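Compute the structure for the input listed below.
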Amino acid sequence: MANDFRTPSAIAQETIMQLENELVMGNKVHTDFSNEFVTVGNTIQVRRPTQYSGQDDNLDITGYREDIEQATLPVKMNRTVTIPIKIGALERTLDFDRWNEDVIQPAVIKMRDRIETELASLYSDLYYFTGTPGTVPATFKALGEGGAIMTDGGVPNAGRFAVHGTDASLELADGLKGVYVQGTAKTAFEEAKIGRYAKFDNYESVHAPTHTVGDYGGTPLVKGASQNVTYAASKDTGTQTLVTDGWTASKTGLLKKGDVFTIAGVFAVNPISKQSTGRLQTFVVKADADSDGTGNSTLTIAPAIITSGAYQTVSAAPADNAAITVKSGAANASHKQSLLLHPKAFTLVTRPLDIPNGAGLRTSTKSGNRVTISVTEFADGNTLDKTVRLDMLFGVATIDDRLGARLTS
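Numbering: from 1, shown residues only. Purely as a prediction, here's the structure:
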């Protein structure tokens, strides 16, 4: 049929095909929750994995039982992208190549950018952190240190991938000269396809996030001992508050969401053995924080400070006056973040919009492997213009902040 490529069904199918080919993070993260949503704003509760302590070298379980303590995290379907395109009668005579170039490709770029930007914004949920602020990662070791932190944290090797900004991608590709054969290195230079490197499938993306550090100052300390919590108290948010002092007084924007710090004497533990990894636990600030007139600040942080049990996160609770060191960079500095991820760290969910039926409307909704797009067409009888609108409903969320890390530049 002539001009069949301009029907809503054909437009939706072609847009999905091109969009899924353009996605980077959107093609790697978890998507299996999509069918659990119904309408815009709908929220589902996703269960986090259960952990147990277990009993070693003793077959007698008299008096020994472990309760199921399972956290749930909300995932909302609350983001939309709408692209209405007015097409005149003469423009409808375009051949497929021009139609693709003028209508479909620009829509694909807009949708891709929105999905990738929203997924990248989840970086501030991740507390594992490595790299030197101000230094672009350029070696196997720089990337491998992130992998080592994840391995010590019990993150599975299978499926790991990394998303780098353009500078980090270039430096890491340059490092291939001493690792891979000439042909592979040549491909990395020409196509920015870094390949599998240090246990990660590596990708370049202009959507790698940039973090701006808070306007902190002073000599920050933990204010008060015994600020650890139980998993039962923190499981539904994965966070807790930490009372601190010693900051510069009366500072608005002292720390920003996504800032990372360590506490003297508080080490990360392997989630299985519960033994210290030998690395100080890195904590992420979950909400912007200010200091009061005497330099006190109460921070909302992750992970929660849990010192025992199946969900133990640290070797010990911080002591009173334990020193706090901000790791995310100098005050007010901005640094690009590479994301080191297991697919189940983040999720992307999409569902069809409820498109109303009506006279003069033609509509089609198509679902691919990753996204769902609705295309609606309607005409203006006075001008002979047609409007083709493309709609996408989606949501993103961090479903397990233990399964990712940040490598700073």
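
Would you agree residue 313 is in contact with residue 268?
Yes. Applying C-beta atoms under 8 Å, one finds residue 313 in contact with residue 268, separated by 7.3 Å. (Each C-beta comes from the backbone N, C-alpha and C, glycine too.)

which residues do the two both contact?
Shared contacts of residue 313 and residue 268 (C-beta atoms under 8 Å, 6 or more residues apart in numbering): residue 281.

more crowded one of the two?
More crowded of residue 313 and residue 268, by other C-beta atoms under 10 Å: residue 313, with 25 against 22.

what are the phi and psi angles of the more buried one?
The phi/psi pair for residue 313 (degrees, to the nearest 10) reads phi -120, psi -20.

show me what contacts it?
268-269, 281, 303-306.

packing partners for the helix or strand harbouring residue 129?
In the assignment (DSSP states H and E), residue 129 maps to strand 128-130. Helices and strands touching strand 128-130, as assessed by 3 or more C-beta pairs under 8 Å, 6 or more residues apart in numbering; DSSP states H and E, comprise helix 140-152, strand 276-285, strand 404-408.

Out of those, the one nearest residue 107 is which?
strand 404-408 (29.9 Å; C-beta to C-beta).

quick one: strands adjacent to that closest one?
Each strand paired with strand 404-408, and its direction, by DSSP bridges: strand 128-130 (parallel), strand 334-341 (antiparallel).

tell me the mean pLDDT for the first one?
Pointing back at strand 128-130 there. Model confidence over strand 128-130, given as mean pLDDT, is 98.

quick one: that strand to chain centroid distance?
14 Å (C-alpha atoms, centre = their mean, to the nearest Å).

Neighbours of residue 333, how many?
Residue 333, neighbours per other C-beta under 10 Å, totals 12.

can you tell me how far it sits from residue 153?
26 Å (C-beta to C-beta, to the nearest Å).

Also residue 144?
15 Å.

Give me the more crowded residue out of these two.
For residue 144 versus residue 153, neighbours defined as other C-beta under 10 Å are more numerous around residue 153 (22 against 16).

which phi and psi does that one have?
phi -90, psi 10.

Let me know whether it touches residue 268 as I believe.
Yes. If you go by C-beta under 8 Å, residue 153 and residue 268 touch, sitting 6.9 Å apart.

Now for these two: what residues contact both?
With C-beta under 8 Å, 6+ apart, residue 153 and residue 268 have common neighbours residue 277.

ok, back up a step: can you put the strands paired with strand 404-408 in TSV and add mean neighbour count and distance to residue 29?
Shown next, in TSV, are those (neighbours: other C-beta atoms under 10 Å; distance: least, C-beta to C-beta, whole Å):
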stretch	mean neighbour count	distance to residue 29
strand 128-130	24	17
strand 334-341	24	7
